[in-house]
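[1] Predicted coordinates and the sequence they were generated for:
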Amino acid sequence: MIVMKFGGSSVESAAAIARVVSIVEARLERRPVVVVSAMGKTTNRLLECAGLAAGGARAEALAKLAALREFHFAEAPAPVLGQLGAHFDELAEMLRGLSVLGEMTPRSVDAISAFGERMSSLVVAAAFRERGIAVEHVDARELIVTDGRHTQAAPLYAETYERLAARLPGLAARGVVVMGGFIGSTKDGVTSTLGRGGSDFSAAIAGAGIGAEEIQIWTDVDGMLTCDPRVLPGGRRVRVISFAEAAELAYFGAKVLHPSTVLPAVEKQIPVLILNSRRPEVEGTRIVARGVESANPIKSIACNRGITAVNIKSTRMLMAHGFLRRIFEVFDRHETAVDMVTTSEVSVSLTVDSAARLGRIVEELQAFAEVVVETDRALVALVGDGLGERKGIAGRAFQALNGVNVWMISQGASQLNLSFVIAGGDVEKAVGLLHAEFFTELDPKVFDVAVSEASV
Ligand code: ADP
Ligand code: ASP
Ligand code: MG
């Protein structure tokens, strides 16, 4: 069996879904389990509707929902319109409820956003049926069991793997299995979601649960590229990369893969492929347990904008033990993840990518330290296996970055990344300079040299 996950843009229209059906049809003998995201930008739209409703803009919320309904109706096969209609009626009911309450809980956010994948999976299953291909639709909420951390739920692996192994092989023997990504339910049967971009993670969980031979992530780019194409176009495709490198890139902002995707795959040693649903003939990126030796020390550059840096200074605490603990306890209490940390004798600088609770955090830190918050920072990470053992990488990087102000530097203990914080406005320039430094000559074992020639 293989797992094939198709992202939002790969199922954004009837035409896109027709491409998906053809791609899957060509691989039927591998007994595919198809995991789909919500159609196009549906998740964003649903969250907007919920926000509007809870904020009192009921009519606007319902109008937006009506537009989303029209979009689905225009792209979906006729036999499934009845079911979709019922789902939209239920959504409208929920929005009315939110507008009466005037607030929404993470639990109600999940109930609403889950409709995206509940509906797209029905639509895609119907498209297979229309093409005369045997199909088994399964509600992912019956299979993926999570904890109760709504909007960011974590799978309960033992229970989930048990259910996946019990259900999927039998269904896959009868036809193409289609299920929604992103969604699950708690032990009590309450709908939950795995966090934004979580369909990749669902695919990996499903793959691990059934011991799939391969997990394929079909998206709108040719694979993992040497840089984020939204920041710098013209990056080259990385042909093969290690699990560790891919996880690091995802963690530092390479949106093409959800950061948790790699975990279940590593555990069960299942190769992951990133492929382009618009260009299925391209071989994509293969993520494997051990990367290939490469003449290029860096495999890709990841970046994450909208980072906030927090500088915490305490002269009184000079050399005092327990200072770091006090700082991290504050972040922990407010459930805010810290991405990068650097320390000096009297100060600690760190970055967070969610500033949602920063107000309270700063207040608490100010009880024992001076705090300066710098918004609009970006984190740039150079990622490659064994970076720490290669000589001269940092020298080359900072030489290349001549003229770009670097605020913080960190070389991860994993020896996999060299990362730094710069001003948000410097991202394009920095990535351009670093890309020219590290990717002008390419090792053809690891990078797609042919495409690079065509695209220069
Ligand atoms: P999907 O809907 O298929 O899950 P996403 O939008 O989540 O697709 O992820 C694909 C996008 O990731 C690409 O369109 C690209 O803009 C972005 N991206 C960021 N960094 C990289 C990278 N290093 N390589 C490829 N794509 C990247
Ligand atoms: N539809 C969800 C989102 O937009 C999950 C995903 O597409 O991976 O975040
Ligand atoms: Mg995604």
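    Arrived safely. Numbers count the residues shown, from 1 in each chain. Ligands and ions are numbered 1, 2, ... in the order given.

[2] tell me which element T308 is part of?
    strand 300-313 (DSSP states H and E).

[3] any weak-confidence spans in the stretch 201-350 of the chain?
    Residue ranges of the stretch 201-350 of the chain with pLDDT under 70: 315-319.

[4] Strands along that one, start to end?
    Using DSSP state E, counting those that start in this stretch, the strands found in the stretch 201-350 of the chain span residues 214-219, 240-242, 272-276, 285-288, 300-313, 340-343, 347-352.

[5] Could you work out which of those strands reaches nearest to E428?
    Comparison of the strands of the stretch 201-350 of the chain against E428 by C-beta to C-beta identifies strand 300-313 as nearest, at 9.6 Å. Every C-beta, even on glycine, is put in place using the N, C-alpha and C of the backbone.

[6] Show me which positions of the closest one end up buried.
    Across strand 300-313, burial judged by 16 or more other C-beta atoms under 10 Å covers 300-305, 307-312.

[7] Does it reach ligand 1?
    Yes - residues of strand 300-313 are located near ligand 1 by C-beta under 6 Å from any ligand atom, namely S300.

[8] R118: what secondary structure?
    Reduced to three states with DSSP: H, G, I helix; E, B strand; the rest coil, the structure at R118 is helix.

[9] any idea of the pLDDT on it?
    You'll see R118 listed with a pLDDT of 98.

[10] which residues does it contact?
    87, 139, 180, 183 (C-beta atoms under 8 Å, 6 or more residues apart in numbering).

[11] Next up, identify which helix or strand A125 is on.
    Short version, using DSSP H and E: A125 is in helix 106-130.

[12] so does that helix get close to ligand 2?
    Yes - with C-beta under 6 Å from any ligand atom as the criterion, ligand 2 is reached by helix 106-130 at G116.

[13] export the helix or strand following that helix as PDB, just CAs?
    Next along the chain after helix 106-130, taking DSSP H and E as the criterion, comes strand 135-138. C-alpha atoms of strand 135-138 as PDB (Å, rounded to 0.1, in the frame of the first residue of the first chain):
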ATOM      1  CA  VAL A 135     -13.600   3.800  -4.100                       C
ATOM      2  CA  GLU A 136     -14.000   3.600  -0.300                       C
ATOM      3  CA  HIS A 137     -14.600   6.900   1.500                       C
ATOM      4  CA  VAL A 138     -13.700   6.900   5.100                       C
END
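
[14] Pairing partners for strand 135-138, with directions?
    Strand partners for strand 135-138, identified by DSSP bridges, are recorded as strand 176-180 (parallel).

[15] List the residues that contact whichever residue of the chain sits closest to ligand 3.
    Residue nearest to ligand 3 within the chain: G197 (4.2 Å; C-beta to the ion). By C-beta under 8 Å, 6+ apart, the residues touching G197 are 255, 258.

[16] quick one on the thing from earlier: specify the stretch among the strands of the stretch 201-350 of the chain that is closest to K5.
    Nearest to K5, of the strands of the stretch 201-350 of the chain and by C-beta to C-beta, is strand 214-219 at 5.2 Å.

[17] is ligand 1 contacted by the closest one?
    Yes - contact of strand 214-219 with ligand 1 (C-beta under 6 Å from any ligand atom) involves T219.

[18] Any part of that strand near ligand 2?
    No - Strand 214-219 lies out of reach of ligand 2 by C-beta under 6 Å from any ligand atom, never closer than 9.8 Å.

[19] So what touches that strand?
    2-7, 9-10, 20, 23, 30, 200, 203-204, 207, 256-257, 261, 265, 270-277, 280.

[20] Kindly recompute the last result at 7 Å.
    Contact with strand 214-219 is made by 2-7, 10, 23, 200, 203-204, 207, 256-257, 265, 270-277, as judged by C-beta atoms under 7 Å, 6 or more residues apart in numbering.

[21] what residues are up against A337?
    Counting by C-beta under 7 Å, 6+ apart, A337 has contacts V352.

[22] Let me see the backbone angles for it.
    The phi/psi pair for A337 (degrees, to the nearest 10) reads phi -80, psi 140.

[23] A53 versus that one, what's the distance?
    Taking C-beta to C-beta, to the nearest Å as the measure, A337 falls 29 Å from A53.

[24] what does V310 give?
    V310 is 34 Å from A53, by C-beta to C-beta.

[25] and if you look at P233?
    Taken as C-beta to C-beta, the span from P233 to A53 is 38 Å.

[26] Looking at these two, which has the bigger crowd around it?
    Of the pair P233 and A53, A53 is the one with more neighbours under other C-beta atoms under 10 Å, namely 29 against 10.

[27] So that one sits against A61, correct?
    Yes - taking C-beta atoms under 7 Å as the definition, A53 is a contact partner of A61 at 3.9 Å.

[28] correct me, but T43 touches E117?
    No - between T43 and E117 there is no contact under C-beta under 7 Å: 8.2 Å.

[29] neighbour-wise, which of those two wins?
    Taking other C-beta under 10 Å, T43 and E117 do not tie; E117 has more neighbours (29 against 25).

[30] Torsion angles phi and psi at R278?
    The phi/psi pair for R278 (degrees, to the nearest 10) is phi -90, psi -20.

[31] burial count for the closest residue to G211 other than its chain neighbours?
    Nearest residue to G211 in three dimensions, chain neighbours excluded: K268, at 6.3 Å (C-beta to C-beta, 6 or more residues apart in numbering). Counted by other C-beta under 10 Å, the residues lying close to K268 total 16.

[32] Near ligand 3, which residues of the stretch 1-150 of the chain? Just list them.
    When proximity is defined as C-beta under 5 Å from the ion, the stretch 1-150 of the chain approaches ligand 3 at G7.

[33] ok, which stretches of the stretch 1-150 of the chain are helices?
    14-25, 42-54, 58-75, 81-101, 106-130 (DSSP state H, counting those that start in this stretch).

[34] what about the residue positioned nearest the centre of the chain, distance to V338?
    In the chain, the residue lying closest to the centroid (C-alpha atoms, centre = their mean) is H258, at 2.6 Å. Here H258 is placed at a distance of 20 Å from V338 (C-beta to C-beta).

[35] Please enumerate the helices of the stretch 151-300 of the chain.
    So, for the stretch 151-300 of the chain - with DSSP H, counting those that start in this stretch - the helices run 157-174, 199-210, 243-251, 262-267.

[36] want to try a markdown table for those, with distance to ligand 3 and mean neighbour count as columns?
    Listed next are those as a markdown table, based on distance: least, C-beta to the ion, whole Å; neighbours: other C-beta atoms under 10 Å:
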| stretch | distance to ligand 3 | mean neighbour count |
| --- | --- | --- |
| helix 157-174 | 20 | 16 |
| helix 199-210 | 6 | 28 |
| helix 243-251 | 10 | 24 |
| helix 262-267 | 14 | 21 |
